[in-house]
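**Student:** sequence first, then the predicted structure:
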Amino acid sequence: MLEVKDLHVTVEGSEILKGLTLSIQPGEVHAIMGPNGAGKSTLSAVIAGKDGYEVTAGSITFEGKDVLEMEIEERAQAGLLLGFQYPVEIPGVKNIYLLKAALNAQREARGEGEIPAPEFMKLIKEKVSFMKMDNSFLQRAVNEGFSGGEKKRNEILQMLVLQPKLAMLDEIDSGLDIDAMKVVADGVNSLRSEDRGILLVTHYQRLLDYIVPDHVHVLVNGRIVKSGGAELAHELESRGYDWVVEEPAA
Amino acid sequence: MSDVQRFLDRLNERSEARRGEPTWIAARRQAGAARFEAMGFPDRRVEEWKYTDVRAISRTDFQLTGSAEFSQASAAALTLPLDAHRLTFVDGVFSSALSDLSELPGGVQVQPLSQALEENHEAVGGPLGRLTGVEFSAFSALNTAFFEEGALVRLAPGTVVDKPIVLQFLSRANEAPVMSHPRILIEAGGRSQATVIEHHVGEEGAANFTNLVEEVMLDRGANLTHYKLVESPEQDLHVASIHVEQCRDAQFTSFNITLGGGLVRNDLVSDLNGQGAEVTFNGLFYGQNRQHVDNHTLANHNAPHTFSHENYKGILDDRAHGVFNGKVIVKRDSQKIEADQSNANLLLSDRAQIDTKPELEIYADDVKCSHGATTGQLDEEAVFALRTRGLDEATARGLLTLAFAGEVMDQVNLDAVSERVELTVAGKLPERFHLAGLVEAAVALNED
Amino acid sequence: MASQEMEQLVRREYKEGFVTDIESDTIPPGLDEDTIAFISKKKGEPQWMLDWRLDAYHQWLKMTAPSWAHLDYPPIDYQAISYFSAPKREEDKPQSLDEVDPKLLETYEKLGIPLHERAALAGVAVDAVFDSVSVTTTFKDKLAEAGVIFCSISEAIRDYPELVKQYLGTVVPTSDNYFAALNSAVFTDGSFVFVPEGVTCPMELSTYFRINAANTGQFERTLIVCEKEAQVSYLEGCTAPMRDENQLHAAVVELVALEDASIKYSTVQNWYPGDEDGKGGIYNFVTKRGDCRGDRSHISWTQVETGSAITWKYPSCILRGKDSIGEFYSVAVTNGRQQADTGTKMIHLGEGSKSTIVSKGISAGRSNQSYRGLVKVGPRAKGARNFTQCDSLLIGDTCGAHTFPYQEIGNSTATVEHEATTSKIGEDQLFYCQSRGISEEDAVNMIVNGFCKDVFQELPMEFAVEAEALLNVTLEGAVG
């Protein structure tokens, strides 16, 4: 469903991604790992459409459509959803507004009508309790005054409500204690299905004990230098990144 | 005939009705008229009125009225859906039919001013005019010359009022525009606690002039939350000054919300006279079409260890004009003061105008004072974040604009008020923001 | 020998400055058309200049002194002022530094003023400061080579009348305000700078000016024009305490920057602030305005204000050009009974224009200080931006610090931010420094200088050092 081909990305004049190629099929969970500064966050930011990233070569297609030609919201409406490493605080915008507006935007893009209020409420309450969150959460402003764990849970909550086709989670484990991580991992695992792809970006292998990926890629210096199964993550955990860099690319 | 003379001439109409008034009232009327005549209507050379043109008031021949007729049904549609003690005035005239004081608890006096004067004019004459005289402005002088009706609220020491006290001012679509000069007096005894909501609203097409003067006296430890919600029709004209005196540890929290009215000018003045006194000025204004909204606030730190906070937000569309002037004065020897002030504005149109001036005048050194004023753009990062969730840009901007207003309303703990304001703001926002339905649905869910 | 030559030279110039048929060098106090005609004639001005002055005078007669500033001073009797007096004769001046008040020299020492400049500043007769004058002659050659015109405004009216006519009064019209009108009528001297297209002035016009501008008089008029892509940095005043017998000062400074031009104007003002009771101090009413006339033009005001009994001063920028930039960096220190009402105006007319205001006010003693600013964004200034930071520091509980920032915004794409704080030097900050072995006075100086850092770094290098020293001298005795 997602095809990234020979992607070159420049940020403020310096090249961060130098020919990255990645293919994700429905039902697969991919994990991208790599040392700091390898370009992990750049990849998800470019897919989501953040400003300031210049694609100098290569392509990204999602279900055959050119992602780089799509508006930010069109990407989300098409089912490409990014979970942020640092979710932004939006003072005053209630979570419930965001969820309702986002869900309706997606439905509209698919030619469906607005979700009826009772149905929406039922859905929301179910997901909120699944994420072990309180209903009062919905009336609070998006991420404002949230703890790190709450912010990450909120990202997953949005995923559960919006049911993306491809969920990209950027360092969703950073800053989480073990209990919060379990809740987040349960949320992500509940997203796993035959027709959905998941892309995890992480620095640590720890998360992958809870969300076991089908494919692991090692991103170093703007390129994927090694790919393998879940066992690759363990190898990285015990041996570090250096050996991958030294070995010739697989 | 000069504008000033035309206004003063209207006084003669009431001379018959005022025969037999206590002498102190007659004397004040005279002083008010004389002062008004001397000052005249302010023009733009008067610093306090630099950005506000009052010719819409001065050039109109407003009549006086004695009628409080208003249909129950249309009043019900305008009234805030609140369980409250309620006094209603129609074009400044008391309407007992639209008032409800049936459940007034002990220790609480809420009365139309005329009735209070009739019962014991001396008890009114003492405090009335103590905090503001005829010097404050031409409009307060004019009010002093004309005032007849208004509200008296007295709280015995220690009284905690269970329900909000609503002072509702209805404006009628009269054949000829009328003026009213309400006077409000609130005396809160030591450690008493209450919420007063002043609600100005009217029939479509109403084009009257309300010139209000209010005095609020808060004894030691009294705690008053004061709402002033102006939702008047767009031709209505409104000038008000509210003067607050705060003794030791007294708390005054103001929510000054202007969503309607053609010309609205508010002056809020608090004298922080006792240690530990704290005032919070919250404000929200939303101007459309050719509305003009002018808010002036003043915190006088007359005693050490006093605190003032201010947070005003303005949204202006079309050719609306907003004015904000927040002033903090710290007197000599008023040490250990904390004052913060913030005014933020959003202009939605290039023909809208905002003139803002947050002022500090400080004569003591042990102070922590800050103020900020911003006029500008929505947070682009927040716009991006919303778009990554599939919201189109217009909706994202609409939601953030609503949120901008919401930052003031978040402090409101009366759902009837905050929901009313949120719905009104959402309804006023341009259609391009695609908010229709969203807020209504969310409010409905909230009640679920 | 050399000194004799110099003296002769100076005397000759001195003679040339006056029309021989007028015998007296000064006129009695008072202001009327005759006074103005006298000044104009003394300066050998053409008729158009006299007409211009008279027009300003007639405007002035119809105006009243502004009363909106947060200042308190007795009414000024404009008929009691003498509007023209010739400079002191050389023989009346001190003949060497030995004859100068030792206290003054001590202050120069504290401020770190270079030795060769001290004599000039102290008003020592010119032959005694020959060295520094020869330095200035070298400067003049260098400027001429670059094509930069730098002379007194009187010379400019005589030698470059067309340039003066083209620009004088176009930024600050004669009727702009009460003091500007007065200045236009009676100005006696000042500077003229013209930097032609594409030229970057080869030196800071500072050192030169510091030595030569000792006697500019009370109604100074300055005009600086930078043509397309030209650049100049100009420094007015000096850190040394300046005494003047004239109590009223009303200067006008006009800056014009055409396309891609850049003018940096720095001021250090240290006029006599008066005695302990504020008596005898200078009243300084100044109108300074820059016009960013061309696209991408840039005008920057930096000021360090420590002197004067009364300061009324708002260096401003009219940002007319597209993407033009205006800046205002100010440190104002008041002590004793000083009163200052100062700030800036940024008028955004051009698309994409940007302005920055950083104002640091320090009040001590029984002084009062106000920041008064205006940021105005017109409907056509799309995308205009302003950032204002305005901080006040209070030392002692008998001073006052006030902030009156006006914002008038008429454009939905404008971003205007104003932040202001007022605070005192924290006890904990002082304690921290003192516990490290620093005296209270040094600690205050450190903290104050830290507070002003953002502005000092805008000053030309050698001046920043002096400005720091100046602050310390000004605040002497403010603590403890």
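**Tutor:** Done, it's in.
**Student:** contacts, neighbours, all on C-alpha from now
**Tutor:** OK.
**Student:** residue contacts, the residue in the stretch 251-400 of chain C positioned nearest to chain B?
**Tutor:** Across the stretch 251-400 of chain C, the shortest distance to chain B (Cα to the nearest Cα) belongs to C:Gly400, at 4.2 Å. By Cα atoms under 8 Å, 6 or more residues apart in numbering or on different chains, the residues touching C:Gly400 are B:361-365, C:363, C:366-369, C:394.
**Student:** what about the strands in the stretch 301-450 of chain C?
**Tutor:** C:310-313, C:316-319, C:325-334, C:339-348, C:354-363, C:368-377, C:385-394, C:400-409, C:415-424 (DSSP state E, counting those that start in this stretch).
**Student:** so for A:Phe130, which of the ones you listed sits nearest?
**Tutor:** Proximity to A:Phe130 (Cα to Cα) singles out strand C:415-424 among the strands of the stretch 301-450 of chain C, at 42.7 Å.
**Student:** just the element for B:Thr424, please.
**Tutor:** Here B:Thr424, judged by DSSP states H and E, is contained in helix B:415-428.
**Student:** A:Gly19 versus the residue nearest to A:Val9 when sequence neighbours are not counted, what's the distance?
**Tutor:** Distances taken as Cα to Cα, 6 or more residues apart in numbering or on different chains place A:Val55 nearest to A:Val9, at 4.5 Å, with adjacent residues excluded. Distance, A:Val55 to A:Gly19, by Cα to Cα, to the nearest Å: 11 Å.
**Student:** identify the contacts common to these two.
**Tutor:** The contact lists of A:Val55 and A:Gly19 share A:7-8, where a contact means Cα under 8 Å, 6+ apart.
**Student:** show me the beta-bridge partners of the most centrally placed residue in chain C.
**Tutor:** Geometric centre of chain C, nearest residue: C:Thr267, 4.9 Å, by Cα atoms, centre = their mean. Beta bridges link C:Thr267 to C:Glu236, C:Gln303, judged by DSSP bridges.
**Student:** show me what contacts B:Arg290?
**Tutor:** So B:Arg290 contacts B:262, B:318-321 (Cα under 8 Å, 6+ apart).
**Student:** most neighbours among those residues, which one is it?
**Tutor:** B:His321 (28 neighbours; other Cα atoms under 10 Å in any protein chain shown).
**Student:** my guess is that residue meets B:Asn289, correct?
**Tutor:** No. Assessed by Cα atoms under 8 Å, B:His321 is found out of contact with B:Asn289, at 9.2 Å.
**Student:** you'd agree C:Arg221 is in a strand?
**Tutor:** Yes. According to DSSP: H, G, I helix; E, B strand; the rest coil, C:Arg221 belongs to a strand.
**Student:** re earlier: can I get the CA coordinates of the helix holding B:Thr424 in PDB?
**Tutor:** Output of helix B:415-428 as PDB, limited to C-alpha atoms (Å, rounded to 0.1, in the frame of the first residue of the first chain):
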ATOM      1  CA  ASP B 415     -22.400  26.100  31.600                       C
ATOM      2  CA  ALA B 416     -25.400  28.200  30.600                       C
ATOM      3  CA  VAL B 417     -23.100  31.100  30.000                       C
ATOM      4  CA  SER B 418     -20.100  29.400  28.500                       C
ATOM      5  CA  GLU B 419     -22.200  27.300  26.100                       C
ATOM      6  CA  ARG B 420     -24.200  30.300  25.100                       C
ATOM      7  CA  VAL B 421     -21.000  32.200  24.400                       C
ATOM      8  CA  GLU B 422     -19.400  29.300  22.600                       C
ATOM      9  CA  LEU B 423     -22.400  28.800  20.400                       C
ATOM     10  CA  THR B 424     -22.700  32.500  19.600                       C
ATOM     11  CA  VAL B 425     -19.000  32.800  18.700                       C
ATOM     12  CA  ALA B 426     -19.100  29.600  16.600                       C
ATOM     13  CA  GLY B 427     -22.200  31.000  14.900                       C
ATOM     14  CA  LYS B 428     -20.500  34.400  14.200                       C
END
